[in-house]
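J.: What shape does this take:
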Amino acid sequence: MTEAEAANKWCPLVRTGAFGNSCAVNIWPSNGEIIHGACIASKCMFWRWTVRTIPERDVMGKPILSERVGYCGAAGPLSRD
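T.: Okay, here's the model as predicted:
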């Protein structure tokens, strides 16, 4: 996913104090709407980068296109399925 897509995802690891409470939470109500801790993408220690190759190949069999993509590494390595 792109970093912009990640910014719209909820992160279960985000914690912040809410309403002066002594506890830290990551989802809380605020004026009728639910506020949650959003992913901060590449600013996070868990963010990982990988290169995704597009299946088209040149005459020598090398990938024609590849792109650098990111993902959340908190759940483990990226699946290669």
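J.: Now do the strands in this protein.
T.: 16-17, 24-25, 27-30, 33-36, 47-53, 66-72 (DSSP state E).
J.: Let's see the last one as CSV, backbone CA atoms only.
T.: The C-alpha coordinates for strand 66-72 follow below in CSV (Å, rounded to 0.1, in the frame of the first residue of the first chain):
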residue,chain,number,x,y,z
SER,A,66,9.7,-2.7,-10.3
GLU,A,67,8.4,-0.4,-7.6
ARG,A,68,9.3,0.3,-4.0
VAL,A,69,6.3,-0.3,-1.8
GLY,A,70,5.8,-0.2,2.0
TYR,A,71,3.9,-2.3,4.5
CYS,A,72,3.4,-2.6,8.2
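J.: neighbours around residue 72, how many?
T.: Neighbour count of residue 72, defined by other Cβ atoms under 10 Å: 18. Where you see a C-beta, it was placed from the backbone N, CA and C, and this is true even at glycine.
J.: residues in contact with it?
T.: 6, 9, 11, 39, 44, 46-48 (Cβ atoms under 8 Å, 6 or more residues apart in numbering).
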